[in-house]
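Novice: Have a look; sequence and predicted model below, questions after that.
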Amino acid sequence: MSDACALAVDLGGTQLRTAIVDRSGAIRAHAVTATKAQDGPTAVIAQIVAAIRALRATAPACAVLGLGVGAPGPLDPIAGISIAPPTLAGWHDVPLAALLEEQLGIAVTVENDANAAALGEWRFGAGSGTSSMVFVTVSTGIGGGVIADGRLLHGRRGLAAEIGHMTIADDSDEPCFCGVRGCWESLASGSALDRRAARLAASGAAPRLLELAGAGPVTGHHVTQAAMQGDPQAKALLAAAARWLGVGIVNLLHLYSPERVVVGGGLGSCLELLQGGIDDVVRARAMPAYREVPVVPAQLGLQAGLVGAASLVFAGR
């Protein structure tokens, strides 16, 4: 069917994105709204249903094959159950696929949001042409997906590749959202950079960051701004972030032996500022056979999750 398309949802703790996507990975129509993340599953599912219905009513006509949903983990894609995502209040073993099928009357496939983004980058983005790839998204937290020998790695209950919660330090004072200390996410995410930048600015040692932030809080965005202007304190903060990112990437190289590591997300979008530090750590810590694997920026940006979720619908059709 030449004009077949898929509906796609990228459910985040901050934003709910919906789209209509064709077989080529092109987005024909899309919409974004704020997620009612603190209002419980009933409210959020009602949001999804309303957003999908509105999109279908205004979008170009095509034959809809189904709905693919990328949602925050932990999530069981086989059962279609959202287990206990920390970014969505009150979600515990929610049968997301079944509830959406009942209300929308179409087939629904769900996947961990980082896995969905990995599929998008693998099939249509920076991982295209590989058979083994690791996707890392570095934003508020760190997530990822692993393509191994031409298939998405799921593991038991679809819970494989929670890479942000690899323990990479045993003496860290940095807290993680999961409640444990020493996770990669707690040391190398955008939130970790925000915390370090805020502490440094509060100490009076980073006047440029305070100047850029104005009356608001100092964030990683101000760090990248200042670093591009040559500010030494900002450059030192990014060097520390690059070091921790490199440590985690070395682990991923040794674990999965990918042909390519693709880095996306908010902090990943400034990979050029981090690349040198990451490469230094890889050269110093990875065994020789793993050192030549390229670490590259993602190509699809915020569309990766939507395109990957849609690809779940097209699989096998």
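Specialist: Nice, I can see it.

Novice: Give the other helices and strands that the strand or helix carrying residue 45 contacts.
Specialist: Assigned by DSSP states H and E, residue 45 belongs to helix 41-58. Here helix 41-58 touches strand 4-11, strand 15-22, strand 27-34, strand 63-71, helix 96-104, going by 3 or more C-beta pairs under 8 Å, 6 or more residues apart in numbering; DSSP states H and E. To be clear about C-beta, it is placed using only N, CA and C from the backbone, and glycine gets the same treatment.

Novice: Which secondary structure element of the chain has the lowest mean pLDDT?
Specialist: When each helix and strand of the chain is scored by mean pLDDT, DSSP states H and E, helix 265-268 comes last, with a mean of 82.

Novice: OK, contacts around residue 314?
Specialist: Contact analysis of residue 314 by C-beta atoms under 8 Å, 6 or more residues apart in numbering lists 4, 6, 23, 65.

Novice: These, buried ones only, as a PyMOL selection?
Specialist: Listed next is the PyMOL selection for buried residues among the contacts of residue 314, using 16 or more other C-beta atoms under 10 Å:
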select buried, resi 6+23+65
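
Novice: Which of the contacts of residue 314 sits closest to residue 292?
Specialist: When the contacts of residue 314 are compared for distance to residue 292 (C-beta to C-beta), residue 23 wins out at 33.9 Å.

Novice: Can you give me every residue that contacts the closest one?
Specialist: Contact analysis of residue 23 by C-beta under 8 Å, 6+ apart lists 4, 5, 314.

Novice: For residue 76, see how far away residue 279 is.
Specialist: From residue 279 across to residue 76, the span is 37 Å (C-beta to C-beta, to the nearest Å).

Novice: Name the residue in those two with the higher neighbour count.
Specialist: Remark: of residue 279 and residue 76, residue 76 carries more neighbours, 21 against 16, as counted by other C-beta atoms under 10 Å.

Novice: list the buried ones in stretch 278-286?
Specialist: 278, 279, 281, 282, 285, 286.

Novice: Which of these lies at the shortest distance from residue 61?
Specialist: residue 278 (45.6 Å).

Novice: from memory the closest one sits against residue 248, does it?
Specialist: No. Contact criterion C-beta atoms under 8 Å: residue 278 and residue 248 do not qualify, at 9.6 Å.

Novice: count of neighbours near the residue lying closest to residue 120 once chain neighbours are set aside?
Specialist: Spatial nearest neighbour of residue 120, chain neighbours left out: residue 308 (3.2 Å); criterion: C-beta to C-beta, 6 or more residues apart in numbering. Neighbour count for residue 308, taken as other C-beta under 10 Å: 33.

Novice: Is the most centrally placed residue in the chain in a helix, a strand, or coil?
Specialist: The centroid of the chain falls nearest to residue 137 when counting by C-alpha atoms, centre = their mean (4.0 Å). Classification of residue 137 using DSSP: H, G, I helix; E, B strand; the rest coil returns strand.

Novice: how far does the helix or strand containing residue 239 sit from the chain's center?
Specialist: Residue 239 is part of helix 232-256, with elements assigned from DSSP H and E. Helix 232-256 sits 17 Å away from the centroid of its parent chain (C-alpha atoms, centre = their mean, to the nearest Å).

Novice: go on, stretch 26-46?
Specialist: For stretch 26-46, the separation from the chain centroid amounts to 17 Å (computed by C-alpha atoms, centre = their mean).

Novice: now do the same end-to-end measure for it.
Specialist: Distance between the boundary residues of stretch 26-46 (C-alpha to C-alpha, to the nearest Å) amounts to 26 Å.

Novice: what comes up buried for that stretch?
Specialist: Result for stretch 26-46 [16+ other C-beta under 10 Å]: buried residues 27, 30, 35, 37, 41, 44, 45.

Novice: what does it rub up against?
Specialist: By C-beta under 8 Å, 6+ apart, the surrounding residues in contact with stretch 26-46 are 5, 11-22, 47, 51, 54-55, 58-60, 62, 82, 87-91, 94, 96, 99-100, 103, 303, 306-307.

Novice: So what's the residue count around residue 259?
Specialist: Neighbour count for residue 259, taken as other C-beta under 10 Å: 14.

Novice: list the contacts for it?
Specialist: Residues in contact with residue 259 (C-beta under 8 Å, 6+ apart) are 130, 131, 132, 133, 293.

Novice: can you give me phi and psi for the third one?
Specialist: Taking degrees, to the nearest 10, you get phi -140, psi 120 for the backbone angles of residue 132.

Novice: With distance to residue 181 and pLDDT as added columns, please give the contacts of residue 23 in JSON lines.
Specialist: Below are those laid out as JSON lines (distance: C-beta to C-beta, whole Å; pLDDT from 0 to 100):
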{"residue": "4", "distance to residue 181": "48", "pLDDT": "90"}
{"residue": "5", "distance to residue 181": "45", "pLDDT": "93"}
{"residue": "314", "distance to residue 181": "41", "pLDDT": "92"}
